[in-house]
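Student: Got a predicted structure plus its sequence, pasted below:
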Protein chains: 4
Amino acid sequence: MNYEPSNPSFAAEVEQSFAKQAVMMAIGAELVTVAPGVVQISLPYRSDLTQQNGYLHAGIVTTVADSACGYAAYTLMAPNSEVLSVEFKVNLLRPAKGEAFLAVAEVLKPGRTLTVVRADVFANPHSERVLVATMLGTMMCLRR
Amino acid sequence: MNYEPSNPSFAAEVEQSFAKQAVMMAIGAELVTVAPGVVQISLPYRSDLTQQNGYLHAGIVTTVADSACGYAAYTLMAPNSEVLSVEFKVNLLRPAKGEAFLAVAEVLKPGRTLTVVRADVFANPHSERVLVATMLGTMMCLRR
Amino acid sequence: MNYEPSNPSFAAEVEQSFAKQAVMMAIGAELVTVAPGVVQISLPYRSDLTQQNGYLHAGIVTTVADSACGYAAYTLMAPNSEVLSVEFKVNLLRPAKGEAFLAVAEVLKPGRTLTVVRADVFANPHSERVLVATMLGTMMCLRR
Amino acid sequence: MNYEPSNPSFAAEVEQSFAKQAVMMAIGAELVTVAPGVVQISLPYRSDLTQQNGYLHAGIVTTVADSACGYAAYTLMAPNSEVLSVEFKVNLLRPAKGEAFLAVAEVLKPGRTLTVVRADVFANPHSERVLVATMLGTMMCLRR
């Protein structure tokens, strides 16, 4: 889908907000792509973020998927907005194993107040990418 | 609800598995309660796990809720089982602000293969507890 | 939870809106309880609303759960509001078999714009009630 | 995605099971497409299946989406299986208004026991199709 952003400085605002999300630095996540309605966040594997079998914990997978969804929605919001996660649903499709992960979020339906977003999380995004999780969520726009 | 666990050493097995979840130590989460069909996990506030407004990131809230749900389901599984998150849905009800958080998970419907679990996450559980998020999820039993 | 409705004629408005939902009459659903933050809808078993095994179709179970959630939220909305379903998640816990069903919805978190609601759907509500499904959903208030 | 069905008579079995879903006839739904991992179901607008504003009720939209998801999963299941909805999440994106609707379900991740499926529901599928709802759900295979 092709979206027309209403905030000309959407990319800078996403970057500034992302830089304030302390948890992104704590887990090593990086903002890779910011385009109208689309945001990608990368995450390296880290053995200190795992569940009992040594795979990335579903909550960490969710952390990057949620930020990707929130910022994908934010790219289409009016200037002077803030974005907030209302809810999300995640299906864990395969064990989150691999050296690196990529969350790819895309707006499904933008709205003045609510925006619905999908994200897929892939393992090994640079070789034979494997879909490990998918998110369907609702993001809310708050006017500052 | 009163559940009869089929694995007499369910509590020890939950503790052992929890101890292997490296991410729990990384974020400072602790296992507080393990009873048939019920698990509680505590989490202190940490400024390095926050989103852009200084509240706990929704993904970190989800991380403790998911582990609480998984282990609540695990308390009712047969010996020699493993537990796996199939999917969950989270509603973020209020900003996750406070000094401490508690995820309280309870099995809604146990099953041989699938167990459905609810978790509520409270801020300030020891004073005027505030419900900040709720999860509804599906956990799967794998035989070893 | 005890909620204080801001619309003194909330019960009449729920009844009027329910009467306009043609599908409720089509499937035989009836409004049973309307209280602040709580709505119950009953549904008799009907063999023409079933899936392949003769149980009530999950979509019909969802239909009554969704209306119950929407109207539970509506009881707490300001006068001159309309209610709209944003999203819901349903877990189907047991086959929807029985002579009658009851959807019991309760507001978890009211809000000016968004209200989060839970509903449980029981089979045989007047004898040994069996929980067949549970919904967690988000409802939106639109000002007229 | 290209899936290889393991049941050579998957199409006939979907048709037979669909024909037993009494609710499909009751609401006027028809099976349009059955292919490996993909099922489409059409639904005409009917004023007796509406909510208070005259749009199709979200539960009816869900009914066709759920059957489409279930049968999309069923196309990839082994012979002598039955399919069961475990859970689904639906986002209602726009009012379900139009003369006709089409639910398009596609398997995201097949599995021996659990299959994850997405469905989009479009209004006016034969002219300027409008996405009115999206479902993300989990279907289960039961061996007969």
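Tutor: Cool, the structure landed.
Student: buried residues in the helix or strand containing residue A:132?
Tutor: Element membership of residue A:132 [criterion: DSSP states H and E] is strand A:130-143. Residues of strand A:130-143 classed as buried: A:130-141 (neighbour count, 16 or more other CB atoms under 10 Å in any protein chain shown). Quick note: C-beta positions are derived from backbone N, CA and C, even for glycine.
Student: Then stretch A:90-105?
Tutor: Taking 16+ other CB under 10 Å as the basis for neighbour counts, the residues of stretch A:90-105 that come out buried are A:90-93, A:95-98, A:101-105.
Student: right, is it up against chain C?
Tutor: No - taking CB under 8 Å from any CB of the partner chain as the criterion, stretch A:90-105 and chain C are apart, separated by no less than 11.1 Å.
Student: can you tell me which residues contact the residue lying closest to residue A:126 once chain neighbours are set aside?
Tutor: Computed as CB to CB, 6 or more residues apart in numbering or on different chains, the closest residue to residue A:126 that is not its neighbour in sequence is residue A:100, at 7.1 Å. Contacts for residue A:100 were tallied using CB atoms under 8 Å, 6 or more residues apart in numbering or on different chains; they are A:42-45, A:123-126.
Student: What average pLDDT does the strand holding residue A:132 get?
Tutor: Predicted confidence along strand A:130-143 averages 97 (mean pLDDT).
Student: where's the residue nearest the centre of chain A relative to residue A:126, distance?
Tutor: A centroid search over chain A (CA atoms, centre = their mean) returns residue A:68, at 1.3 Å, as the residue closest to the centre. Between residue A:68 and residue A:126 the distance, using CB to CB, to the nearest Å, works out to 17 Å.
Student: beta partners of the residue nearest to residue A:126?
Tutor: residue A:44 (DSSP bridges).
Student: same deal with residue A:134?
Tutor: Legend: beta-bridge partners of residue A:134 under DSSP bridges are residue A:91, residue A:120.
Student: The one 5 residues further on too?
Tutor: Note on residue A:139: beta-bridge partners by DSSP bridges are residue A:85, residue A:115.
Student: wait, doesn't it sit right on residue A:113?
Tutor: No - proximity of residue A:139 to residue A:113 does not meet the contact threshold set by CB atoms under 8 Å, at 9.9 Å.
Student: Pull up the distance across stretch A:67-81, start to finish.
Tutor: Stretch A:67-81 stretches 16 Å from its first residue to its last (CA to CA, to the nearest Å).
Student: what about that stretch, near chain D?
Tutor: No - using CB under 8 Å from any CB, stretch A:67-81 stays clear of chain D, coming no nearer than 12.2 Å.
Student: Buried residues in that stretch, which are they?
Tutor: By neighbour count, and taking 16+ other CB under 10 Å as the criterion, the buried residues in stretch A:67-81 are A:67-77, A:81.
Student: tell me the two of those that are most distant?
Tutor: A:68 and A:81 (17.6 Å; CB to CB).
Student: Tell me which residues of stretch A:15-28 come out buried.
Tutor: Within stretch A:15-28, the residues that count as buried by 16+ other CB under 10 Å are A:17-18, A:21-24, A:26-27.
Student: Just confirm the residue nearest to the centre of chain A is within a strand.
Tutor: No - the assignment for residue A:68, made by DSSP: H, G, I helix; E, B strand; the rest coil, is helix rather than a strand.
Student: Can you tell me which of the buried residues of stretch A:15-28 is closest to chain C?
Tutor: If you rank those by distance to chain C using CB to the nearest CB, residue A:17 comes first, at 21.5 Å.
Student: sorry, back to before: can you tell me which of the buried residues of stretch A:15-28 lies nearest to residue B:13?
Tutor: Minimum separation from residue B:13 among those (CB to CB) is found for residue A:27, which lies at 27.9 Å.
Student: Residue numbers of chain A in contact with chain D?
Tutor: Applying the criterion CB under 8 Å from any CB, the portion of chain A that neighbours chain D consists of A:89, A:91, A:93-94, A:108-109, A:116, A:131, A:134, A:136, A:138.
Student: ranges for the strands of chain A?
Tutor: Secondary structure of chain A, counting by DSSP state E: strands at A:30-35, A:38-44, A:81-92, A:100-109, A:114-123, A:130-143.
Student: Could you export those as CSV, including distance to residue A:54?
Tutor: Putting the strands of chain A into CSV (distance: least, CB to CB, whole Å) gives the following:
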stretch, distance to residue A:54
strand A:30-35, 23
strand A:38-44, 15
strand A:81-92, 15
strand A:100-109, 14
strand A:114-123, 13
strand A:130-143, 14
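Student: For residue C:55, which of those strands is the nearest?
Tutor: Across those, the minimum distance to residue C:55, taken as CB to CB, is reached by strand A:81-92, at 24.4 Å.
Student: Point out the other helices and strands that the closest one packs with.
Tutor: Using 3 or more CB pairs under 8 Å, 6 or more residues apart in numbering or on different chains; DSSP states H and E, the elements in contact with strand A:81-92 are helix A:58-74, strand A:130-143, strand B:81-92, strand C:81-92, strand D:130-143.
Student: Save these as CSV, and put in distance to residue B:61 too.
Tutor: Compiled in CSV, those are given as follows (distance: least, CB to CB, whole Å):
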stretch, distance to residue B:61
helix A:58-74, 8
strand A:130-143, 14
strand B:81-92, 7
strand C:81-92, 17
strand D:130-143, 21
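Student: check contacts around the closest residue to residue A:81 other than its chain neighbours.
Tutor: Spatially, and ignoring its direct neighbours in sequence, residue A:81 is nearest to residue A:141 (4.9 Å; CB to CB, 6+ apart). When contacts are counted by CB under 8 Å, 6+ apart, residue A:141 is found next to A:73, A:77-78, A:81-84, A:111-115.
Student: Which one of these is nearest to residue B:37?
Tutor: Distances from residue B:37 to the contacts of residue A:141, taken as CB to CB, are shortest for residue A:84 (32.6 Å).
Student: Can you get me a residue count around residue A:12?
Tutor: 11 (other CB atoms under 10 Å in any protein chain shown).
Student: From residue A:105, how far out is it?
Tutor: As for residue A:12, its distance to residue A:105 is 18 Å (criterion: CB to CB).
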